[in-house]
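In: Predicted model follows, preceded by the sequence.
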Amino acid sequence: MVCGGFVCTKNALCALNILYVLVSLLLIGVASWGKWFDLVSSIRVVVAVIGVGVFLLLVAFVGLWGALKHHQVLLFFYMVILFIVFVGQFSVSCACLSLNKDQQNHLLEVGWNKSEATQRDVEKTLGCCGFSSVPINGSCATRCYNGNTPKTCKTCSDVIQQYVGEVLRFVGGIGLFFSFTEILGVWLAHRYRNLKDPRSNPGAFL
């Protein structure tokens with residue numbers, strides 16, 4: 001069977017979905033590991049990452065099962081879901097790559113103000129205190145903070161801004177890469193649905 005035929009397309013689609021299974025298990029494992037070792041105290045962040053991992057795992061299983069059984073309905077829904085994910089992920093990736101420093105700072109401040117648990121995680125990890133100013137009579141999770149001499153600490157805005165550009169470019173690049181694998185999955189599923197199984201009854205449709 002030459003590459004591009006039924007078996008080759010089936011194997012390519014299965015391999016792609018096995019990759020998605022591995023990525024989803026990695027997401028679930030990293031989020032669980034971070035919570036278990038108390039590296040991330042925000043339960044919403046952990047639940048969000050695990051939720052993305054579980055969703056990707058379910059989509060991968062749908063695609064894998066549809067590829068193994070040549071199931072027309074499963075492959076159709078797999079195509080639709082994957083295309084919707086592609087549109088969303090491609091848009092977010094492009095946004096990450098196009099944000100300027102003012103927009104980055106505004107989004108960081110919005111995220112900072114939404115969760116005190118996230119604030120503690122960032123302060124403890126980066127060794128900073130407060131977002132745009134060090135609190136004088138407040139509390140801070142980092143070791144550098146001393147209520148009498150708060151100026152010994154850097155603000156988290158200053159520390160994060162040193163890395164946020166590189167992080168957004170990295171996240172945007174990874175997102176673009178996976179978005180192209182998703183459109184590849186849509187193309188493979190569409191092609192595979194319209195190929196006839198050579199082992200089936202020659203008179204049967206697909």
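Out: That came in fine, so what should we check first?
In: element containing residue 165?
Out: In this assignment (DSSP states H and E), residue 165 forms part of helix 156-193.
In: Tell me the helices and strands packed up against that helix.
Out: Here helix 156-193 touches helix 6-36, helix 43-69, helix 72-98, helix 101-114, helix 116-126, going by 3 or more CB pairs under 8 Å, 6 or more residues apart in numbering; DSSP states H and E. Yep, even glycine has a C-beta here, placed from its N, CA and C like the rest.
In: Compare these and report which one is nearest to residue 132.
Out: helix 101-114 (7.3 Å; CB to CB).
In: So which bits of the closest one are buried?
Out: Residues of helix 101-114 classed as buried: 104-105, 108, 112 (neighbour count, 16 or more other CB atoms under 10 Å).
In: Just give the nearest non-adjacent residue to the residue nearest the centre of the chain, would you?
Out: Nearest to the mean C-alpha position of the chain, by CA atoms, centre = their mean, lies residue 52 at 6.8 Å. Counting by CB to CB, 6 or more residues apart in numbering, the nearest residue to residue 52 once its immediate chain neighbours are dropped is residue 27, at 6.0 Å.
In: separation between that neighbour and residue 165?
Out: Look at residue 27 and residue 165: by CB to CB, to the nearest Å, they are 24 Å apart.
In: Contact partners for residue 182?
Out: 82-83, 85-86, 89 (CB atoms under 8 Å, 6 or more residues apart in numbering).
In: Neighbour-wise, give me the winner out of these.
Out: Each of those was scored for neighbours by other CB atoms under 10 Å, and residue 82 scores highest at 25 neighbours.
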